[in-house]
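# structure of the sequence below:
(4 chains)
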There are 2 protein chains.
Amino acid sequence: MHTTKKRLLDAGLELLLEHGYNDLGVQRLLREAGVPKGSFYHHFDSKQDFALQVIDRYMVDVHAGLDACLNDDTRPPLGRVRHFFELTLEKYREEGYLGCLLGGLGQELSAIDEQFRRRIESCLGAIAQQVSECLDQAKQRGDLPETADTRQLADLLVDCWEGAALRSRLWRDPRPLQTVLDFYFSSVAGQARA
Amino acid sequence: MHTTKKRLLDAGLELLLEHGYNDLGVQRLLREAGVPKGSFYHHFDSKQDFALQVIDRYMVDVHAGLDACLNDDTRPPLGRVRHFFELTLEKYREEGYLGCLLGGLGQELSAIDEQFRRRIESCLGAIAQQVSECLDQAKQRGDLPETADTRQLADLLVDCWEGAALRSRLWRDPRPLQTVLDFYFSSVAGQARA
DNA sequence: CGCCAAATAGACCGGTCCGTCTAGTTCTGT
DNA sequence: ACAGAACTAGACGGACCGGTCTATTTGGCG
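Below you'll find the predicted structure:
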């Protein structure tokens, strides 16, 4: 990957998380990245195309994290899922608790631009899909009840996480995220025994 | 209230929910409301002032709904809380599942503008505070364990709701919201028996 | 070396942004 | 009826928007 394009995507990752889409001008992005305009429109069709590619780049890291955590045989399946979100929380901390890029852009753009809406939904859905497969393993071990709808449980976790990420962004504090994890995992563990 | 100002706030409620803040130009707002620019800047100091007043107007309705639901003696306390969110879900349906204004503006603006961040957080906090008082009543009846941190449980519910509202906005569908309510209330009820 | 595509560089464009300004109209109190 | 405030009305302005354009530099390959 050309360093210029990489620099733009890296800067976009940071700036889109903080400013969102409409508050981030191309000019501003270029200034921060130290790249002239011609290069930007050489590598990207438009600002929208750029943001979509930033999302793709974001998802590469997310899927790398998911793959690493959810196949970690040293933990039980539910522990792997929890571990993934705890690592994500750590990432949020490094960023200053600005929440989740998908949540931020999803809220801002899902009613404005159909392409963004679909893309972001498919990203969240892909995460939930991965999580649900790990929950299936938990079910096989008896850590979840036979009747559990693992995909619904995975979507639920993702949704609650996104809500807590918003609150964390408002507070600049990790507590909402920790509370959600505690509640979710103690509740699903409770279901198994019931 | 002058009809012009009311018209602007009503239009703002709709348009800010759909477009968010930065994608909604003053010009566009004026066109939709059928109001000339002079009137806007007579009634409001700035676009920011306008949006803050739209939030205030939104909260008037929310608090009216909270007061009506949470004091409804025909239901048990937890049933009142759930009923409030079910009525809110019905409102979302009428709007076409665009989620929650506070969540939308919170995501978009909390990292850009400190005033918005504080205002929106205080709105969510006020809702959680009202809910927590109703949860206190549930605790007195034994519907929640003695040890329950009702304020934390209320914040948790608000946060999970906001996350589900985002997903509902992405899907244009109420299911994430229903799932969150089912999970939350069955879990907190389970805690009481445990 | 010479050649051409890839990439860099930034001036430039029409349009829209938020907000100001002056002028005219309507309402209110006396 | 009349004065002054409240409000309506929209032209206007400087800044910035996303995007295009031409010119130049760089880098790979024959």
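# how about low-confidence regions in chain A?
In the predicted model, chain A carries pLDDT under 70 at residues A:1, A:192-194.
# list of residues touching stretch A:20-33?
A:7-8, A:10-12, A:14-16, A:19, A:36-37, A:40, A:47, A:51, A:104-105, A:108-109, A:116, B:20, B:22-23, B:107-108, B:111-112 (Cβ atoms under 8 Å, 6 or more residues apart in numbering or on different chains). Placement of C-beta: from N, CA and C, glycine included.
# buried members of these into ChimeraX, please.
Buried residues among the contacts of stretch A:20-33 (16 or more other Cβ atoms under 10 Å in any protein chain shown), as a ChimeraX selection:
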select /A:7,8,11,12,14,15,16,19,40,47,51,104,105,108,109,116 /B:20,22,23,107,108,111
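# run through who's touching the helix or strand harbouring A:V81.
Per DSSP states H and E, A:V81 falls inside helix A:77-95. Helix A:77-95 is contacted by residues A:17, A:65-66, A:69-72, A:75, A:98-100, A:131, A:134-135, A:137-138, A:141, A:143-144, A:157, A:161, A:165, A:168, A:174, A:177-178, A:181, A:185, A:188-189 when judged by Cβ under 8 Å, 6+ apart.
# just stretch A:47-65 next, same as before
Stretch A:47-65 has contacts (Cβ under 8 Å, 6+ apart) with A:8-9, A:12-13, A:16, A:21, A:26, A:40, A:44, A:84, A:87-88, A:101-102, A:105, A:113, A:115-116, A:119-120, A:123, A:126-127, A:130.
# in strands, which of those appear?
Of the contacts of stretch A:47-65, none are assigned to strands by DSSP state E.
# hmm, the helix or strand hosting A:Y58 touching DNA strand D?
Assigned by DSSP H and E, A:Y58 belongs to helix A:47-70. Yes. Using Cβ under 7 Å from any atom of the strand, we find that helix A:47-70 touches DNA strand D at A:47-48.
# flag every buried residue along that helix.
Buried residues in helix A:47-70 (16+ other Cβ under 10 Å): A:47, A:50-55, A:57-59, A:62, A:65-66, A:69-70.
# picking up where we left off before, just the buried residues from the contacts of helix A:77-95, in ChimeraX please.
Burial among the contacts of helix A:77-95 is assessed by 16+ other Cβ under 10 Å; the matching ChimeraX selection reads:
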select /A:17,65,66,69,70,98,99,100,131,134,135,137,138,143,144,157,161,165,168,177,181,185,188
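# helices - which of the contacts of helix A:77-95 land there?
A:17, A:65-66, A:69-70, A:131, A:134-135, A:137-138, A:157, A:161, A:165, A:168, A:177-178, A:181, A:185, A:188-189 (DSSP state H).
# got the angle between the helix holding A:Y58 and helix A:77-95?
Angle of helix A:47-70 versus helix A:77-95, following axes from the mean of the first three to the mean of the last three Cα atoms, to 10 degrees, is 130 degrees.
# so what's the gap between helix A:47-70 and the chain middle?
Chain-centre distance of helix A:47-70: 8 Å, with Cα atoms, centre = their mean, to the nearest Å.
# again with stretch A:117-129
On Cα atoms, centre = their mean, the centre of stretch A:117-129 falls 9 Å from that of its chain.
# now stretch A:57-76
Distance, stretch centre to chain centre, for stretch A:57-76: 12 Å (Cα atoms, centre = their mean).
# put the alpha carbons of it into PDB.
Only the C-alpha atoms of stretch A:57-76 are listed here, as PDB (Å, rounded to 0.1, in the frame of the first residue of the first chain):
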ATOM      1  CA  ARG A  57      -9.600  -0.700   7.200                       C
ATOM      2  CA  TYR A  58     -11.200  -0.500  10.600                       C
ATOM      3  CA  MET A  59     -12.900  -3.800  10.000                       C
ATOM      4  CA  VAL A  60      -9.600  -5.500   9.100                       C
ATOM      5  CA  ASP A  61      -8.400  -4.800  12.600                       C
ATOM      6  CA  VAL A  62     -11.700  -5.800  14.200                       C
ATOM      7  CA  HIS A  63     -11.700  -9.100  12.400                       C
ATOM      8  CA  ALA A  64      -8.100  -9.700  13.300                       C
ATOM      9  CA  GLY A  65      -9.000  -9.200  16.900                       C
ATOM     10  CA  LEU A  66     -12.000 -11.400  16.600                       C
ATOM     11  CA  ASP A  67     -10.100 -14.200  15.000                       C
ATOM     12  CA  ALA A  68      -7.400 -14.000  17.600                       C
ATOM     13  CA  CYS A  69      -9.700 -14.000  20.600                       C
ATOM     14  CA  LEU A  70     -12.500 -16.300  19.500                       C
ATOM     15  CA  ASN A  71     -10.100 -19.100  18.700                       C
ATOM     16  CA  ASP A  72      -8.100 -18.800  21.900                       C
ATOM     17  CA  ASP A  73      -8.500 -22.400  23.300                       C
ATOM     18  CA  THR A  74      -7.000 -21.400  26.600                       C
ATOM     19  CA  ARG A  75     -10.300 -19.900  27.500                       C
ATOM     20  CA  PRO A  76     -13.900 -21.200  27.500                       C
END
